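Undergrad: Here is a sequence with its predicted model. Questions after.
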Amino acid sequence: MTVTVIGAGLAGCEAAYQLLKRGIDVNMYEMRPDKSTGAHKTGDFAELVCSNSLRSSRLENGAGLLKEEMRRLDSLIMSCADAAALPAGGALAVDRTDFSRRVRERLTGFEGFTLINREVTAIPEGRCIIAAGPLCSDALSEAIAALTGQERLHFYDAAAPIVTADSLDMTKIFRASRYGRGEDYLNCPMTREQYDAFVDALLSAEAAPVHGFENSAVFEGCMPVEVMAARGRQTLAFGPLKPVGLTDPSTGKEPYAVLQLRQDDAASTLYNLVGFQTHLRFGEQKRVFGMIPGLENAEFVRYGVMHRNTFICSPRLLDKNYRLKSKPGLYFAGQITGVEGYIESAASGMLAGIAMAHDCLSLPAPDLSDMCAIGALGIYVSSGEGRNFQPMNINFGIIAPPDRKIKGGKAERYRYVSARALEYIDGIKQSL
């Protein structure tokens with residue numbers, strides 16, 4: 001028995017692994033590198049096109065809980081991410097190249113795995129998981145729209161620049177993680193005067209044209225820094241440039257604002273400007289970001305870019321296992337379903353892959369509840385009328401609340417919900 005998986009991104013690779021480990025052959029179609037997208041740079045498996053961070057590892061955070069659930073269910077993406085991890089304080093960041101290499105090696109190690117580098121322009125016959133991603137090609141997008149009879153939705157996503165370590169002025173930069181949790185980040189402190197000058201330059205900088213772009217179509221989790229700045233002069237100081245939990249050793253005080261740089265490769269030669277997604281013209285990025293202390297002579301190996309993301313109206317189309325209700329044997333996975341984020345995409349691929357495997361093996365369909373993060377995501381994207389459906393990161397708001405009153409603050413409630421979710425996962429994993 002063979003299943004077609006379209007897309008070698010995080011969701012497609014996770015779905016393929018869940019099928020292969022259960023003895024089901026996979027034909028994976030990936031159009032890259034022969035035909036690229038507006039954001040990808042390589043033909044690698046599970047390429048991280050924006051940040052190299054998979055977000056928080058703490059169980060008081062929804063992303064931390066989701067990652068731990070996936071580990072306990074034998075996730076390919078989590079296994080490879082943990083093996084390729086870089087220092088990142090309380091977050092999980094990875095070396096992009098090492099991470100992609102590990103994913104490819106694990107999948108190509110299965111006898112039943114076949115990679116076909118070709119664009120898919122029509123919905124294949126037979127069992128199929130469409131994990132083509134939010135940058136799905138025009139031809140396949142049109143085929144999906146024709147099949148579902150739904151208008152395609154979209155929003156805009158942005159990526160942050162990456163600079164070389166040896167081009168930074170370390171006399172102006174200090175190492176630290178927030179609240180004394182190690183020294184995993186480089187920090188560029190700014191005075192009030194430097195911050196004001198930077199904001200002025202940012203607000204007057206020239207943006208690159210994006211066809212059909214409207215600020216209202218920007219996903220909040222990847223808001224371009226110049227769009228944030230336009231919302232108010234102090235927005236950045238309370239957002240990506242917030243200095244909370246950091247002390248500048250040269251002054252012994254908390255700076256007015258701080259840009260954090262996160263390690264982007266294992267050799268510590270590249271750093272990502274945290275929270276600085278942008279669609280400014282490349283020359284403007286170099287000029288304006290070069291005003292930040294320590295970045296005056298920074299060498300940009302990747303400028304920030306903005307691209308269109310496409311997703312379907314999942315509440316009208318999918319069940320909670322990401323199966324298309326109108327067509328047996330066809331599943332979707334990844335950001336095209338309306339989950340948002342690397343880990344969320346992989347989690348949807350995991351559940352779609354498991355559900356497809358159960359379908360192939362004539363087993364009962366998985367029935368995960370919103371007691372766990374993986375189940376809550378599937379329920380979110382498949383619930384409601386879909387009239388105002390928008391992409392969603394994992395968060396405790398969509399997970400079932402505590403069934404009793406929990407003493408203490410929000411962190412205590414979240415720890416309780418996480419412990420309950422992991423107990424739930426441990427109890428059902430044998431049935432998956």
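TA: Arrived safely.
Undergrad: can you map out the helices along this protein?
TA: 10-20, 62-72, 76-83, 96-108, 138-148, 192-204, 225-230, 282-289, 314-317, 342-360, 373-382, 410-428 (DSSP state H).
Undergrad: Can you name the residues that contact the residue lying farthest from the centre of the chain?
TA: In the chain, the residue that sits farthest from the middle, by C-alpha atoms, centre = their mean, is residue 251; the gap is 36.1 Å. By C-beta atoms under 8 Å, 6 or more residues apart in numbering, the contact set of residue 251 is residue 189. Every C-beta, even on glycine, is put in place using the N, C-alpha and C of the backbone.
Undergrad: Span of stretch 383-392 from start to end?
TA: Stretch 383-392 has its terminal residues 13 Å apart, counting by C-alpha to C-alpha, to the nearest Å.
Undergrad: repeat for stretch 169-183
TA: 17 Å.
Undergrad: What average pLDDT does it get?
TA: Per-region confidence: stretch 169-183 scores 93 on mean pLDDT.
Undergrad: Tell me how many other residues crowd residue 362.
TA: By other C-beta atoms under 10 Å, the residues close to residue 362 number 6.
Undergrad: what's the most buried one of the helices of the chain?
TA: Mean neighbour count (mean count of other C-beta atoms under 10 Å) peaks for helix 10-20 among these, with a mean of 30.
Undergrad: looking at this structure, which helix or strand does the model trust least?
TA: strand 153-158 (a mean of 66; mean pLDDT, DSSP states H and E).
Undergrad: For the protein, which residues score under the pLDDT cut-off?
TA: Scanning the chain with the threshold set as pLDDT under 70 gives 34-41, 43, 150-157, 209-222, 307-308, 384-388.
Undergrad: ok, now with 50
TA: 211-214 (pLDDT under 50).
Undergrad: Test my guess that residue 360 contacts residue 24.
TA: Yes: at 5.3 Å, residue 360 counts as touching residue 24 under the criterion of C-beta atoms under 8 Å.
Undergrad: so what sits against both of these two?
TA: 1, 3.
Undergrad: Quick one: the helices of the chain as JSON lines, columns for distance to residue 168 too.
TA: Below are those laid out as JSON lines (distance: least, C-beta to C-beta, whole Å):
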{"stretch": "helix 10-20", "distance to residue 168": "30"}
{"stretch": "helix 62-72", "distance to residue 168": "28"}
{"stretch": "helix 76-83", "distance to residue 168": "26"}
{"stretch": "helix 96-108", "distance to residue 168": "20"}
{"stretch": "helix 138-148", "distance to residue 168": "40"}
{"stretch": "helix 192-204", "distance to residue 168": "16"}
{"stretch": "helix 225-230", "distance to residue 168": "19"}
{"stretch": "helix 282-289", "distance to residue 168": "12"}
{"stretch": "helix 314-317", "distance to residue 168": "42"}
{"stretch": "helix 342-360", "distance to residue 168": "26"}
{"stretch": "helix 373-382", "distance to residue 168": "37"}
{"stretch": "helix 410-428", "distance to residue 168": "35"}
